[in-house]
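Trainee: Below are the sequence and a predicted model; questions follow.
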Amino acid sequence: MSYPPGYRIERERNRTEKAGDIARAKAIQAAIELFSTSGYNKSSIAEVALRTGLSQSGLLHHFPNKTALLTAVLEQREKEDSEFLFGEGAAPLGWAAFDSLLALVARNSTRPEWIGLFVRISAEATEANHPANQWMLDHYRSTRQWLTQAIEDGKRTGEILPDVPVDAIVRNTIAVLDGLQQQWVAEPDSMSMVAELRVYLDQLRSAWGNPQQ
Amino acid sequence: MSVPATDLPHVSDVRSELVDEAVQSLDLSGKIRLLSGAKMFSLWGEASIGLNEIVMSDGPTGVRGEGVVGGRESCLLPNATLLAQTWSTAVLEEVGALLAAEAADQQTHIVLGPTINLHRTPLGGRLFECFSEDPYLTGVLAAAYIRSLQSRGIGASPKHFLANESETQRTTVDCVVGEQTLRELYLLPFEIVDQDAHPWTVMASYNSINGVTATEHAELLNDILKKEWGFDGLVMSDWFATKRTAESANAGLDLVMPGPETVWSTSLEKAVRSGEVSEETVDGHVRRLLTLAARVGAFGEHRTWPTDVPGPDSNVRREQLRRIAAQGMTVLKNDNATLPLAKGTGTVAVIGRHAIDTVAQGGGSARVRPPHIVSIGDGLASALGPGVTNLDGVETRTRMVAAPASIVRDPETGTPGMRVRALDVHGNVMESRHFDVAELEVAEDGWLADAVRIELSVDVKLPSPARMRVGVIGPGEWTVTAPGHHESFTVTPHDGPGGGLHRPKSHVSVVPLESGARITATTGPHFEMRVIGLVVTAAARPAAAAIREAVEAAAAADTAIVVVGNTQEQETEGQDKKTLALPGEQDALVAAVAAVAPRTVVVVNAATPVLMPWLNNVDAVLFAGLPGQEAGDAVAAALTGEIEPAGRLVTTFPARDGEGPAWATAPDAGRLEYAEGPRVGYRGWHQSGAEPLFWFGHGLGYTIWDYTSAQITERDRAGVKAVTVALTNTGQRSGNETVQVYHLPTDDGQPARLIGWAQVSLDAGQSGTVQVQCDLRTQRIWNVKEHRWLPLSGGSLVIARGLGDPRITVPLENGQES
């Protein structure tokens, strides 16, 4: 997810979108479908080109290699997650932000290929020269920013206790999310990510929620 | 399963000398005039020969009348797959009788349907209108429907002849299908209805088959349909499908629809004068037309119309429509006997957009205006009582639909509905009308034809101020105003026939509104017929917010019922799907609820396969189809067990996108190759050894069946004619079983196929035997070298509850009497 865009009104797509943008969008969609059904390793640029209806060189014009395509796919994922979490309105804050994570994990549990892709890529992308490195850094930074603001807002409204260790909770929460996904990819049928996360969130709430509210 | 046809009006019943006389009395132009429609949905009368106008209506989900929207109210039936899931000829006969009454009440002679194309790939947008992936099941059910309809003097029009299994580029696509596959799969339903029900018309499709467009396909129309099978009815074109004059007239097309102006009305006479088409050919078409007219009571003896037809909201209709819908619903999963919900089942949280905005029908020409739609939320609340809470779910539509009459008022009358005014060039009102619904059809010959601008207006009725999406549906340039809001924009039509009529696009903006706010939209002229309307609906919530609330409600209730489904954006004529995933974030909603609810029941409000990535985490799944006007009451009856949802699937469900013998619907350079050949649906799945999510024929019902024995009781050289099966209801409840017999040939090249089925009702603990009639038309191979049928012998019979649950195997000795 990324930090939510400001309030915006839904409009029909601009029909004068350039042909190149459309081809690009189609290629990303094809790659998402392909990675989602075949996984990243088994997919080739040639297959994406075939599904997009472009020649391989035409596709390479938009994306110099498979990794670049992957980066675009990840950006698309960010966009979709952001839409899912924030819609056209403001980001939920306070405990509502943490509850939204529960919804996000529920959504991810129905997209095993997506999670598998995410787990693999985020491991590779810790290397500074990996094409998805910046994406990964942005991903964590924006998530931390949002959750930090969520807690600050909860402190302001009084639903979260004032002495909450903000940074630790933010980083722990991200660690739980990623760790659950990692374990789930290894053994998908062994647990429900949603139920496990709910336990964590309940603990968080009982430790740092304001019992008066 | 051939049915004696003695009670059916045949050519011999129609006095051919009367037809001949009439043909002789008409001159060439008089004859040719009759061979094109007079209007969109009617045929010319001709006083000099005593021929009355013939009126048609789209079907088969209801008899809509001439207008696409805003017409009179009529019964909205369960959709075709839900009907077919009953596997019951008795139900289809009841449907035929009901539709015949509805047609007669509207003085309509022909109901255009049933749609008997097959479910080739689950992506097909129009599958909701077609019965199944199996040609035999499709043919037998359709024949029952047609016999019933026609025995009441209303003509049927099985369609679309031929190979119209998907919508992408449907008017131009060339479907490339091998001869054996055509015979064994796609022609078979038409062959069965022709032999068993003698349809009075057949509709030729838009597409080409092996390089020749359907309306010009002499081999299909003249050679196979008319000569080989002896079809004595009339072949009409799909709407705007006819492209060329002489080629279609000579190929066996009899009637070009719609009128008044068609390629035949403008150039058939010239083609006859130049010798391209013989006058005898024209006479042949006119003979078939007059024969049809005689059958529907528009020629010779003129029919009378009944005046005592029950209304679409009468008790008798409501009972029928609720019962039929519930009966076809299919229990896909039911762990720990979660269903039926016991009385006093505790608190129930009903969650999901489809509980509120229940999708009762698909999109396209089959659309009907029902007297009401009982939402699934309302149906469950009235059946289960005060322990039920209803909660909206995530968004499911990206295209908006017209505002429900409950939240809009005609500003002039103050009554539910909309005001429509035709304005002239000076902005003066030429005519002003009230509409009960917030959408209408604008036709070239209608009252709005001369309007320079059309103005739609409503006053919004809201319980409290709210952020609402405000806008329009329908192509055209638009200006929309509401308090504090003014915008102008253009909405584009879809390409192809009916591009302005079906699944109109929308444009909305979010506007804060108070109750009583006036919304006005104006639009100028448009080049084709279109549906237009006003949209007023609540602003979208982020999916995560809706899911957050759902999780709280589900955790607090004893049972969560999540209602999910497709909308007319997926289940529609004119467009195929790209994925089987539920639209929006409905999968996430189910997964979240299932993780916290003590018990989770999922109701799927869709006609065609959907993916269920949450299946392992829920307790029960009811596949409810598009259930028609009594939707919610039917779902409630099924979930409580008041009516056993005894449906069996009519199409195989893949577990993931891309799986199955046929997938993509996009033609390659205009050609769509049916590369899987005869391995359609379960036939292909079975042959590949792959495991689908659910097999064709699957459906648990509410009891348990133990099959004890099966033996072939009637057989001849052409195959097995009857199998007797003994079984016991070993469950706790009385139930209805559909005993399915499949033939698994030895030859790997010949796929498994359903050859017969029978139904039996037994009380708990009761045993019984059932004789399953098997049809020889399913036990043959089309030999492409000799162009004839050969018997398919050897292998084994499998008595199965879908091929994923085989119960008894009976070996067949090759060619020997057993």
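Mentor: Thanks, I have it. Numbers count the residues shown, from 1 in each chain, chains lettered A, B, ... in the order given.

Trainee: Show the subsequent helix or strand relative to the helix-or-strand element of chain A with minimal mean pLDDT.
Mentor: Across the helices and strands of chain A, mean pLDDT, DSSP states H and E gives its lowest value to helix A:19-38, namely a mean of 76. Next along the chain after helix A:19-38, taking DSSP states H and E as the criterion, comes helix A:45-52.

Trainee: Quick check: mean pLDDT of that following helix?
Mentor: Here helix A:45-52 scores 89 as its mean pLDDT.

Trainee: ditto for stretch B:493-506
Mentor: 80.

Trainee: Next, give phi and psi for the residue in the stretch 151-300 of chain B positioned nearest to chain A.
Mentor: Closest contact between the stretch 151-300 of chain B and chain A, by Cβ to the nearest Cβ, is at B:Thr168 (13.3 Å). C-betas here are computed from N, CA, C, even on glycine. Per-residue torsions, B:Thr168: phi -60, psi 120 (degrees, to the nearest 10).

Trainee: my read: it touches B:Ala666, true?
Mentor: Yes: counting by Cβ atoms under 8 Å, B:Ala666 is a contact partner of B:Thr168 at 5.5 Å.

Trainee: Quick check: neighbours shared by these two?
Mentor: Taking Cβ atoms under 8 Å, 6 or more residues apart in numbering or on different chains as the criterion, B:Thr168 and B:Ala666 both touch B:Leu672.

Trainee: Name the nearest residue to the most centrally placed residue in chain B, ignoring sequence neighbours.
Mentor: Nearest to the mean C-alpha position of chain B, by Cα atoms, centre = their mean, lies B:Glu129 at 1.7 Å. Spatial nearest neighbour of B:Glu129, chain neighbours left out: B:Thr115 (4.5 Å); criterion: Cβ to Cβ, 6 or more residues apart in numbering or on different chains.

Trainee: Tell me which other helices or strands the longest helix anywhere in chain A touches.
Mentor: The single longest helix within chain A, with elements called by DSSP state H, is helix A:133-157. On a contact count with 3 or more Cβ pairs under 8 Å, 6 or more residues apart in numbering or on different chains; DSSP states H and E, helix A:133-157 meets helix A:66-86, helix A:95-109, helix A:112-124, helix A:166-186.

Trainee: Helix A:166-186 and the second one, what's the angle between them?
Mentor: Angle between the axes of helix A:95-109 and helix A:166-186 is 20 degrees (criterion: axes from the mean of the first three to the mean of the last three Cα atoms, to 10 degrees).

Trainee: rewinding a little: and the longest helix of chain A, which residues are buried?
Mentor: A:135-136, A:139, A:142-144, A:146-147, A:149-151, A:153-155 (16 or more other Cβ atoms under 10 Å in any protein chain shown).

Trainee: Distance of B:Trp685 relative to chain A?
Mentor: According to Cβ to the nearest Cβ, to the nearest Å, B:Trp685 stands 17 Å off from chain A.

Trainee: Kindly report the same for B:Gly499.
Mentor: 16 Å.

Trainee: returning to that earlier point: contacts only, for the residue of the stretch 151-300 of chain B closest to chain A.
Mentor: B:Gln575, B:Asp576, B:Thr665, B:Ala666, B:Pro667, B:Leu672.

Trainee: Kindly supply the ChimeraX command isolating those of these that are buried.
Mentor: To isolate the buried members of the contacts of B:Thr168 in ChimeraX, using 16+ other Cβ under 10 Å:
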select /B:575,576,665,667,672
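
Trainee: Which members of the contacts of B:Thr168 are positioned in strands?
Mentor: B:Leu672 (DSSP state E).

Trainee: quick one: which of the contacts of B:Thr168 is nearest to chain A?
Mentor: Looking across these and measuring by Cβ to the nearest Cβ, the closest to chain A is B:Ala666, at 8.8 Å.

Trainee: Can you give me every residue that contacts the closest one?
Mentor: B:Thr168, B:Gln169, B:Leu672.

Trainee: Report pLDDT for it.
Mentor: pLDDT at B:Ala666 comes out at 93.

Trainee: For it, give its distance to B:Glu17.
Mentor: 53 Å (Cβ to Cβ, to the nearest Å).

Trainee: do the same with A:Gly179
Mentor: Distance from A:Gly179 to B:Glu17, by Cβ to Cβ: 88 Å.

Trainee: Low-confidence ranges, chain A, go.
Mentor: Applying pLDDT under 70 to chain A flags residues A:1-19, A:36-41.

Trainee: Quick check on the residue of chain B most remote from its centre: phi, psi?
Mentor: Distance from the C-alpha centroid of chain B peaks at B:His426, with 45.0 Å (Cα atoms, centre = their mean). When read as degrees, to the nearest 10, the backbone of B:His426 gives phi -90, psi 0.

Trainee: One more: the one 3 residues further on?
Mentor: Main-chain torsions, B:Val429, degrees, to the nearest 10: phi -80, psi 120.

Trainee: Excluding covalently adjacent residues, which one is nearest to it?
Mentor: Nearest non-adjacent residue to B:Val429 (Cβ to Cβ, 6+ apart): B:Arg421, at 5.1 Å.

Trainee: Touching, the one you found and B:Glu431? I think so.
Mentor: Yes: counting by Cβ under 8 Å, B:Arg421 does reach B:Glu431; the two are 7.2 Å apart.

Trainee: More neighbours: these two, which one.
Mentor: B:Arg421 (20 against 13; other Cβ atoms under 10 Å in any protein chain shown).

Trainee: Secondary structure of that one: a helix, I assume?
Mentor: No: under DSSP: H, G, I helix; E, B strand; the rest coil, B:Arg421 sits outside any helix and is assigned strand.

Trainee: so where do the strands sit in the stretch 701-818 of chain B?
Mentor: B:705-716, B:719-729, B:735-744, B:753-762, B:767-773, B:780-783, B:788-791, B:796-800, B:806-811 (DSSP state E, counting those that start in this stretch).

Trainee: deepest of those strands, which one?
Mentor: Compared across the strands of the stretch 701-818 of chain B, strand B:735-744 shows the largest average neighbour count, a mean of 23 (mean count of other Cβ atoms under 10 Å in any protein chain shown).
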